[in-house]
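Student: Whatever this is, show me its structure:
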Amino acid sequence: MQDPNADTEWNDILRKKGILLPKEDPNKEIEALEEELIQQSVVKRYEDMTLDELEENEDEFGEEDERAIEMYRQQRLAEWKAKQMKKVFGEVLEISGPEYVQEVTKAGDDLWVILHLYKQGIPICALINRHLNELARKFPETKFIKAISTTCIPNYPDRNLPTVFVYQDGNIKAQYVGPLVFGGMNLTKDELEWKLSRSGAIKTELEENPRQKIEDRMMSAIRTSAPTKDSDSEED
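Tutor: Numbering: from 1, shown residues only. The predicted structure is shown next:
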């Protein structure tokens, strides 16, 4: 049986009469394959490029490539912004007065910032700093900052410490001033988390105020142990 792909005079006659399909040009197949590889290479190139590389090489791409490149540029920009957001968070940043504007009021759009003004040697300030260290790791999307009070606000009175300011877009959304607001040295991490969540700065999974639970248990214990009218206590 004769090979229909063979380059013979008989096969040429059959092709002319439409009995055999036209012989495929191997050069065209190679050209098509090369074009496909080039297109894949271009896509792969700008997928892997940084924002700077895209700008440097944008003259090499055609109109269709430009549209695709713009999509990748936007994706890269979003990824870069996300990395910048995560890069400095996850811990409590210590700042001084000159850094206040840059780190707080100009921290970024839609960004929550929690600033703790404190002083060394005040026990409840140290307690809050410990709690904030844990909360910063738990809520890395929020920026936690601490600063010695008088470096940010000259002559700030120690009686107002600890002070916690909550900012969004550079504006104060909540403020907590003095030890009584925090409940003194009995303050737990969960209680501080709940308090800060009321401002919107963090999204807690706590369903109710932990301090309220403690107070409810204390009141229940008091009612249970209180003497009844039939008691023969000294007060009766």
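
Student: Break this structure down into its domains, please.
Tutor: As given by automatic domain parsing, the domain ranges for the chain are 10-50, 92-215.

Student: where among these is the average confidence lowest?
Tutor: Among those, domain 10-50 carries the lowest mean pLDDT, at a mean of 61.

Student: Name the stretch among the domains of the chain that sits most buried.
Tutor: Among the domains of the chain, domain 92-215 has the highest mean neighbour count (mean count of other C-beta atoms under 10 Å), at a mean of 16. Every C-beta, even on glycine, is put in place using the N, C-alpha and C of the backbone.

Student: CSV for the domains of the chain, including distance to residue 67?
Tutor: CSV is the format used below for those (distance: least, C-beta to C-beta, whole Å):
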stretch, distance to residue 67
domain 10-50, 11
domain 92-215, 28
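
Student: Which among those is found nearest to residue 74?
Tutor: Closest approach to residue 74 among the domains of the chain is made by domain 10-50 (12.4 Å; C-beta to C-beta).

Student: In this structure, mark out all the helices, start to finish.
Tutor: For the chain, the helices defined by DSSP state H cover 9-16, 26-48, 51-57, 63-87, 100, 123-138, 149-152, 179-182, 189-197, 210-225.

Student: The third one - what's its average pLDDT?
Tutor: Averaging pLDDT along helix 51-57 yields 66.

Student: Who does residue 93 form a beta bridge with?
Tutor: residue 145 (DSSP bridges).

Student: measure it to residue 142 for me?
Tutor: Look at residue 93 and residue 142: by C-beta to C-beta, to the nearest Å, they are 12 Å apart.

Student: Likewise for residue 74?
Tutor: Residue 74 is 26 Å from residue 142, where distance means C-beta to C-beta.

Student: Convert the C-alpha atoms of stretch 92-112 to CSV, please.
Tutor: The C-alpha coordinates for stretch 92-112 follow below in CSV (Å, rounded to 0.1, in the frame of the first residue of the first chain):
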residue,chain,number,x,y,z
VAL,A,92,4.6,46.6,68.5
LEU,A,93,6.7,49.4,66.9
GLU,A,94,8.5,51.8,69.3
ILE,A,95,8.5,55.4,68.1
SER,A,96,9.6,58.8,69.3
GLY,A,97,8.0,62.2,68.9
PRO,A,98,9.5,63.1,65.5
GLU,A,99,8.2,59.9,64.0
TYR,A,100,4.6,60.5,65.1
VAL,A,101,3.3,62.2,62.0
GLN,A,102,4.8,59.6,59.6
GLU,A,103,3.9,56.5,61.6
VAL,A,104,0.5,57.6,62.9
THR,A,105,-1.3,60.4,61.0
LYS,A,106,0.3,59.5,57.6
ALA,A,107,0.3,55.7,58.2
GLY,A,108,-2.0,54.9,55.3
ASP,A,109,-5.5,54.9,53.9
ASP,A,110,-8.0,52.7,55.7
LEU,A,111,-5.3,51.7,58.2
TRP,A,112,-6.1,51.3,61.9
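
Student: Need the contact partners of that stretch.
Tutor: 85, 113, 115-116, 129, 132-133, 136, 141-148, 151-152, 166-170, 200-202 (C-beta atoms under 8 Å, 6 or more residues apart in numbering).

Student: Mind doing that once more with 6 Å?
Tutor: By C-beta atoms under 6 Å, 6 or more residues apart in numbering, the list of residues contacting stretch 92-112 from outside reads 113, 132-133, 136, 142-147, 151-152, 167-168, 170, 201.

Student: Can you name the two of these that sit furthest apart?
Tutor: Maximum distance among the contacts of stretch 92-112 (C-beta to C-beta): 24.4 Å, for 133 and 170.

Student: Just the endpoints, please. Distance across stretch 172-189?
Tutor: 22 Å (C-alpha to C-alpha, to the nearest Å).
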